[in-house]
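1. No sequence on hand, only this structure:
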């Protein structure tokens, strides 16, 4: 559906995502596998559309967070391998068998539940290196690997870990944990070793191993402070101006009457607020912060600073720097992608 039909919409460039996926694939060691993380509706970009795009350029698997997401891909006709990125409940094992996913487990109990379905499974074992969400104690890996040998229907496809690494924060700790992960999991030949998410992929290229699961880089986001990446941004969000009016110097506008207009100002109303994913505390990296302005939208290269409090469904911007702005004009806005509640337009 064309953008002209909407008052607000996200514009998704699938060719940019495909290009990012191809770049990621080119950076992996020869023969290494690439899991494209399409959890959370592909970070807000549309899981089905993104999945089709990345599979064409070399992604071997699609990574999802739960079985409902996996079911959505299967219903859309996607037959590619689906890698679970988090464990599911043992009572959901039959559902997992029906969907034909690759589970991730962190206990013998989860393995037993899979075996009881009577179906064959490839599975991965997830180790906890301090993130604390789930995962097997690394010291218990040999015992679980040994116990799994008795289940003829279960094959260990790989061992995974998700580190709590933050660029510029805990690199030494992360390197130690990645080395230990390789030492523990590397003693089992013929399986996948997966510990590289986007930040590990960029900052520890020697720890990409033979399988990586990438999300942020796929969507044009590089949080590395060490290395640039040849990525394209696939996301833009727009809202059309609802009204334009003049505000006198000294008048107060917005909630709590806390914004005092410092000069005669042209104020435009946009039909988008924090219910749509418009963040109230945006990152400087995405929006840009200044001494006198908090954050803003853009049109024709001109900043339109927010004024007053962001509402649940509407936001006011200072349009004084853009004479001629009128209702119906589109303004680009900073929106949290996974929270954006608006139609997607694919280009």
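-> Looks like it arrived, so ask away. These figures come from a predicted structure and were not determined experimentally.

2. ok, now how distant is the residue lying closest to residue 240 once chain neighbours are set aside from residue 338?
-> Spatial nearest neighbour of residue 240, chain neighbours left out: residue 7 (5.0 Å); criterion: Cβ to Cβ, 6 or more residues apart in numbering. To be clear about C-beta, it is placed using only N, CA and C from the backbone, and glycine gets the same treatment. Noted for residue 7: a distance of 21 Å to residue 338, by Cβ to Cβ, to the nearest Å.

3. If you count surrounding residues, which of these two has more?
-> With neighbours defined as other Cβ atoms under 10 Å, residue 7 and residue 338 compare such that residue 7 has more, 16 against 13.

4. can I assume that one is in contact with residue 269?
-> No. Contact criterion Cβ atoms under 8 Å: residue 7 and residue 269 do not qualify, at 11.4 Å.

5. list the residues that contact both of these two?
-> residue 242 (Cβ atoms under 8 Å, 6 or more residues apart in numbering).

6. Now do the residue nearest the centre of the chain against residue 336, distance only.
-> The residue lying closest to the centre of the chain (Cα atoms, centre = their mean) is residue 43, at 3.7 Å. The gap separating residue 43 from residue 336 is 10 Å, by Cβ to Cβ.

7. and if you look at residue 63?
-> 20 Å.

8. Of these two, give the one with the bigger neighbour count.
-> A count of neighbours by other Cβ under 10 Å puts residue 63 above the other of residue 63 and residue 336, at 25 against 17.

9. Give me the secondary structure label for the more buried one.
-> strand (DSSP: H, G, I helix; E, B strand; the rest coil).

10. Who are the contact partners of it?
-> So residue 63 contacts 35, 36, 37, 38, 39, 82, 83, 84, 85, 213, 215 (Cβ under 8 Å, 6+ apart).

11. Can I get these in a markdown table including distance to residue 242, secondary structure and pLDDT?
-> Shown next, in a markdown table, are these (distance: Cβ to Cβ, whole Å; DSSP: H, G, I helix; E, B strand; the rest coil; pLDDT from 0 to 100):
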| residue | distance to residue 242 | secondary structure | pLDDT |
| --- | --- | --- | --- |
| 35 | 42 | strand | 98 |
| 36 | 37 | strand | 98 |
| 37 | 36 | strand | 98 |
| 38 | 34 | coil | 98 |
| 39 | 34 | helix | 98 |
| 82 | 41 | strand | 98 |
| 83 | 43 | strand | 98 |
| 84 | 43 | strand | 98 |
| 85 | 40 | coil | 98 |
| 213 | 41 | strand | 98 |
| 215 | 34 | coil | 98 |
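
12. Out of those residues, who's the most crowded?
-> Ranked by the number of neighbours (other Cβ under 10 Å), these place residue 38 first, at 31 neighbours.

13. In space, what's closest to it - neighbours in sequence excluded?
-> Nearest non-adjacent residue to residue 38, counting by Cβ to Cβ, 6+ apart: residue 47, 4.5 Å away.

14. Is there a neighbour count for residue 344? I'd like the number.
-> Count around residue 344 with other Cβ under 10 Å applied: 16.

15. hang on, it packs against residue 46?
-> Yes. Using Cβ under 8 Å, residue 344 makes contact with residue 46 at a distance of 5.3 Å.

16. Could you pull out the residues contacting both of those two?
-> Common neighbours of residue 344 and residue 46 (Cβ under 8 Å, 6+ apart) are residue 12.

17. dump the residue contacts of residue 27.
-> Residue 27 sits in contact with 201, 205, 208, where contact means Cβ under 8 Å, 6+ apart.

18. Mind giving me the PyMOL command for buried ones among those?
-> This is the PyMOL syntax for the buried subset of the contacts of residue 27, where burial follows 16 or more other Cβ atoms under 10 Å:
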select buried, resi 201+208
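
19. Specify which member of the contacts of residue 27 is nearest to residue 316.
-> Nearest to residue 316 among the contacts of residue 27 is residue 201, at 40.5 Å by Cβ to Cβ.

20. For the closest residue to residue 31 other than its chain neighbours, give me its contacts.
-> Nearest in space to residue 31, with sequence neighbours left out and distances taken as Cβ to Cβ, 6+ apart, is residue 210 at 6.8 Å. By Cβ under 8 Å, 6+ apart, the residues touching residue 210 are 29, 31, 32, 33, 192, 193.

21. Can you lay out the residues you listed as CSV showing secondary structure, distance to residue 323 and neighbour count?
-> Formatted as CSV, those follow (DSSP: H, G, I helix; E, B strand; the rest coil; distance: Cβ to Cβ, whole Å; neighbours: other Cβ atoms under 10 Å):
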residue, secondary structure, distance to residue 323, neighbour count
29, coil, 55, 12
31, coil, 59, 6
32, coil, 54, 18
33, strand, 54, 20
192, strand, 59, 22
193, strand, 59, 22
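
22. This completes my enquiry, with thanks.
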